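> What follows is a protein structure lacking sequence information:
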C-alpha cells in the first residue's frame, strides 16, 4: 500500500527517531530523512529511509525539499532542535502542524518560564545568565542549591545541580558548550533555576483539534546528582486515581498556556507539599524509549498514532489499560572503548523488549546526560511492581566491559601508604570488595567528603597542614562532589571504598599533597563517624515519613470520629466505637515511636573524629571544631568508646522494628476488615490488585507488603545485634560493617511500609452501613447497660451475670430487630436507645465518645505540630553546620585560588 511520502527532519540519536522511520515505512509511506549531516546517524547504513542532505535549520530550504516529494502526507521531527523548523515547513505546505511560534516559545526555556509564570502556573524561580557576572549576581539573591541548564538544551545535556557558587560558575561555563558536539549549536544563554525538591513525574500528552489527551502520568527515576540522567520510568505512576487526574489536568494546563494545540508534548514536573511545579514542557514525544514502553503497556503503537496524526488521519485516544509498564537504563560507568556489551538473558513475556543503545568497538565517555545510556529494558505486567521487577532483572543481566586508555583504577595507591603492598586474592575481592556503584555507595561517599572537608579545615586552622595544600585538596574534593563521584563508578576497591576514593584524590592532587589528608585519623574513626551520619540521616528521614502518616491518620480520624463501628476484642465485637477512635490510637502509638527516634537523635551528640584507631593521636588536633563542622555538639570523651560502640545503631534499628511491628498490626486489622465477612473498609482499586485466576477477587495486596516489610526490618535488627554481640570492644569488621550495614535495608523497607500505610489510610473508604449492621442487634451495648445498672445499686458482677444470661437466651434464629427489641424489653431504662448514644457514653478512660475523641484530637494536634517543629529544628541545625563548613571551605579555596 502506497500512502504517499513522509518527510522526517533530522532525528534523535538514541530514542525513537529510527523506529518512527521504520514504522512509517511499514505503514506504507515512502520515507525520507532531511539532515545536515548523515554521519550523525549510524543506523542509516541499514535503513530503507532515503536521505536528503539539506540545511535543516532553514524552513525555506525544507519547503524546497518538500515540494520535490510526490504525494507528501506529513512532515515531522523527533529532535528537540528541529521541531520548530519542521513545523514551519509543514505549515507552509498546508500540512498538519503545531504553531511554530508556540514551539519557539516552548523551546526557549527562558521564554517558556516567563509565559508560564505570566499565566500563574507554578514554576521554579528562574533567572537568565549570559556571563559569569550574571551568575554571581543571581546567586547573591538565590537560595542554594540551584540548577544550571542551557536555554535550549535536551536530554539533560549541560544540566547540573549546584550547591555552591563555585560549582554553579563551573556548570555555567560548561553548559555554554554542551550542545556544540551534539548539534553544532552554541548555547550562550543559560538558566539558573531554584532547585525544587520532590518526586518527579512526567505527563505524556497529545493535542489534536484543540483537545488535549493525556496518555498517562509516569514516575521518573534519576541517576546520582549533580547530573539529571533519567535511568527509569514507571507507568502508571503509583498515585491514587484522583491525584493522577489532577496532575494530568495540571500538565495539560501548562501545554495549553504555551499555545501547543497540535502534536505530542512531554511535560516534566515535581510534586511538592504546596502542589505540583512545572520543570519544563517539551513540544515533542518523550525521549528515552518511553513511547515504546507505553505502546507495550497500552496495547497501542504510540509511534503509529503520531505518524497518523501528522499525516492528517486524525487521532484516536488509546484505550484505558490495566497493564503497567516500566523501563530501566544502564549507564556507562567510565570512559573508554566498549569491548563487550550484551544481555545475558533473553526477553520474555514480562520483559518483552530490551535493546542496546551503543555498539561494541565505539568509544564511550561519561557525559552526565542521555549519551551515558548504553542499554534499555522494558517490563510489562498487570501490576507495576511486577513490571519494575521484570525491567530491572533484564537490565541487571547486562554484561559490559570497557577498556580504558590506562589501567590507573583501583591499583593507584597513595604514596607512602602501607596498604600498597596488600593485594587481595581475586576470588576474595569479588566477594568482599565489589566494584564501586554510585547508586549503592554514593551516600557513603558524600559523608566521606563531608568529613574530609571538616578535617582539612580543622588541620589548616591548627597549622598542621599548610592552607594552600588544604585549599587544593578541598578544591578536588569539591570537584568530586560536583561530578557526583562519577569517576569512581565501576572502580575496583580491593581495600574498601575509602582507599579507592583516596587514590582518586591522589591522582588529581598528587600523592605528596594527598598524603596530608589522613593525618591524625584512621579508617576506624572515619567509619564510626560515617555510620553515625548515616544513622542520623536515616532516623530523620523515617521521622519525616512518620509525620506524613500521622498527618493522614489525624485528618481521617477527624472525618471518621462521628461514624459508628464495632470495637473488637479478640476479633469479637465488644462495644460501639468509631474508625476515628482506632486511627487516633494508631496516631498516638506512632507518636511515641517518633519521640524515641528524636531522643536517639538528641543523644547522637559526640563525634568520633579524633579517636584514630581507638587510641587517639599525638597530634594536637581540635576535635571539637571537627565535630561542630559536621553538626555534632561534642567530640568523643573516650577514644575506644568512639570506635567500638554501636549502641546508637542498635537503638535506631530497635525503634525501626517497633514502627514496623505497629504498622504490621494495623495492616492485619485492615486486611481482616476488607473481607466480605467484615466489610468495614474498602481499598480503592489503584491500591489493590486482581487475581490471575479468580475474576471476582480483589486483593488488598499492599497490606501484605506492609506486613512483609516488618520481617525485613526486624531481621535487620537481629542481624546487627547478632553481628555485634561477640565482637571485641574495639574496632572490628563484625561491628563496623555487619553491625551497621543492615541500616539501609531496614530504612528502605520501613519507608515502603510507612508510605503504603499513608496511602491506604488517606484513600480507603468506610462502609458505614456494614459497620452499623454488625452492631444493630444491641449486644455490643450491653456493657454500658451493665454499668448503668450499677448506678441503681446493683453490684457490677451481679449486673454482668444478669445481662449475660439474657444475652444467651436470645434466639439466633430471630431477626436483628427482634433480638434488639427483646434486649430492650429486658433492659428497659439502661440499654442505650441508639448506637451513637452508647458510643458517646464511653467518654472516660480515653474511650470513643464524642467528648473524649474531641479531647484526644485537641491533644494530638499540638503534639503533632511540636514534633514537626522538632524535626525541622534538628534538620536546620545540621543544615547550618553544613553551610558553615561549606563557607569555611570556600574561604580557604578563594584565599589560595591564585597560588
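Great, that's in hand. Note that this is a predicted model, so its numbers are computed, not measured.
> just the strands in the stretch 51-200 of the chain please.
If DSSP state E, counting those that start in this stretch is used as the criterion, the strands of the stretch 51-200 of the chain fall at 72-76, 126-129, 146-150, 160-162, 190-194, 199-208.
> ok and the third one relative to strand 190-194, angle-wise?
Direction vectors for strand 146-150 and strand 190-194, defined by axes from the mean of the first three to the mean of the last three C-alpha atoms, to 10 degrees, enclose an angle of 160 degrees.
> any idea of the mean pLDDT for strand 146-150?
The pLDDT scores in strand 146-150 average 91.
> Residues in contact with that strand: which ones?
Contacts to strand 146-150, defined as C-beta atoms under 8 Å, 6 or more residues apart in numbering, come from residues 109, 124, 138-139, 157-162, 168, 171-172, 175-176, 178-179, 187, 189-195, 228. (Glycine included, C-beta is placed from N, CA and C.)
> Just give the number of residues close to the residue lying closest to residue 628 once chain neighbours are set aside.
Setting aside the residues directly before and after it, residue 628 is nearest to residue 881 in space (C-beta to C-beta, 6 or more residues apart in numbering), at 6.7 Å. Number of residues near residue 881 (other C-beta atoms under 10 Å) recorded here: 18.
> residues contacting residue 881?
628-631.
> try residue 710
Counting by C-beta under 8 Å, 6+ apart, residue 710 makes contact with 657, 660-661, 663-664, 753.
> 7 Å - rerun?
Counting by C-beta atoms under 7 Å, 6 or more residues apart in numbering, residue 710 touches 660-661, 664, 753.
> Are any of those buried, and if so which?
Buried members of the contacts of residue 710, counted by 16 or more other C-beta atoms under 10 Å: 660, 664, 753.
> The second one and residue 708 touch, don't they?
No - with contact defined as C-beta atoms under 7 Å, residue 664 does not reach residue 708; the gap is 8.5 Å.
> related to what we said a few turns ago, using JSON lines, lay out the contacts of residue 881 together with secondary structure.
As requested, the contacts of residue 881 are exported to JSON lines (DSSP: H, G, I helix; E, B strand; the rest coil):
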{"residue": "628", "secondary structure": "helix"}
{"residue": "629", "secondary structure": "helix"}
{"residue": "630", "secondary structure": "coil"}
{"residue": "631", "secondary structure": "coil"}
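> most surrounded residue in those?
residue 629 (25 neighbours).
> which residue sits closest to it in space, ignoring its chain neighbours?
Residue 629 sits nearest to residue 454 (C-beta to C-beta, 6+ apart), 3.7 Å away.
> Ok, residue 274 next?
Closest residue to residue 274 apart from its sequence neighbours, by C-beta to C-beta, 6+ apart: residue 122 at 8.0 Å.
> least trustworthy helix or strand in this protein by mean pLDDT?
Here the helix or strand of the chain ranked lowest by mean pLDDT, DSSP states H and E is helix 180-183, holding a mean of 57.
> ranges for the helices of the stretch 401-550 of the chain?
426-432, 438-461, 467-482, 497-509, 511-514, 523-560 (DSSP state H, counting those that start in this stretch).
> quick one, whichever strand in the chain runs longest and strand 199-208 angle?
Secondary structure of the chain per DSSP state E: the longest strand is strand 211-222. Per the same axes, to 10 degrees, the angle that strand 211-222 makes with strand 199-208 is 150 degrees.
> Return the list of helices and strands in contact with strand 211-222.
strand 199-208, strand 230-235, helix 241-257, helix 290-298 (3 or more C-beta pairs under 7 Å, 6 or more residues apart in numbering; DSSP states H and E).
> Mean neighbour count, distance to residue 508 and mean pLDDT added to those, as a markdown table?
Output for the helices and strands packed on strand 211-222, formatted as a markdown table (neighbours: other C-beta atoms under 10 Å; distance: least, C-beta to C-beta, whole Å; pLDDT from 0 to 100):
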| stretch | mean neighbour count | distance to residue 508 | mean pLDDT |
| --- | --- | --- | --- |
| strand 199-208 | 22 | 32 | 93 |
| strand 230-235 | 24 | 27 | 92 |
| helix 241-257 | 18 | 43 | 93 |
| helix 290-298 | 25 | 37 | 92 |
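> Can you tell me which of the ones you listed is nearest to residue 728?
If you check each of the helices and strands packed on strand 211-222 against residue 728 by C-beta to C-beta, strand 230-235 wins as the nearest, at 41.6 Å.
> What residues sit buried inside stretch 776-784?
777-784.
> just to revisit the earlier point, I'd like to know which of the contacts of residue 881 is nearest to residue 334.
For the contacts of residue 881, the nearest to residue 334 is residue 630 (30.7 Å; C-beta to C-beta).
> Hmm, residue 830 and residue 824 touching each other?
No - checked against C-beta under 7 Å, the pair residue 824 and residue 830 is beyond contact range at 9.8 Å.
> Would you mind telling me which of those two has more residues around it?
residue 830 (21 against 17).
> so what's the backbone phi/psi at that one?
Residue 830 adopts backbone torsions of phi -120, psi -30, taken as degrees, to the nearest 10.
> Could you pull up the residues touching it?
Per C-beta under 7 Å, 6+ apart, neighbours of residue 830: 785, 788-789.
> Any chance of TSV for these, columns pLDDT?
Output for those, formatted as TSV (pLDDT from 0 to 100):
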residue	pLDDT
785	93
788	94
789	94
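> In helices only, show me those residues.
Secondary structure assignment by DSSP state H places 785, 788-789 of those in helices.
> Can you list the buried residues in stretch 497-515?
497-509, 511, 513-515.
> hmm, back to that, out of the helices and strands packed on strand 211-222, which gets nearest to residue 466?
Distances from residue 466 to each of these were compared using C-beta to C-beta; the minimum, 41.6 Å, belongs to strand 230-235.
> That closest one: partners in the sheet, and parallel or antiparallel?
According to DSSP bridges, strand 230-235 has the following sheet partners: strand 211-222 (antiparallel), strand 324-331 (antiparallel).
> Report the distance from the first one to the chain centre.
Computed by C-alpha atoms, centre = their mean, to the nearest Å, the chain-centroid distance of strand 211-222 equals 16 Å.
> What's opposite the residue nearest the centre of the chain in the beta bridge?
For the chain, residue 199 is the residue whose C-alpha lies nearest the centre (C-alpha atoms, centre = their mean; 5.7 Å). Beta bridges link residue 199 to residue 271 when assigned by DSSP bridges.
> CSV please, covering the contacts of residue 710 and showing distance to residue 444, secondary structure and pLDDT.
Formatted as CSV, these follow (distance: C-beta to C-beta, whole Å; DSSP: H, G, I helix; E, B strand; the rest coil; pLDDT from 0 to 100):
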residue, distance to residue 444, secondary structure, pLDDT
660, 24, helix, 96
661, 29, helix, 97
664, 30, helix, 96
753, 24, helix, 95
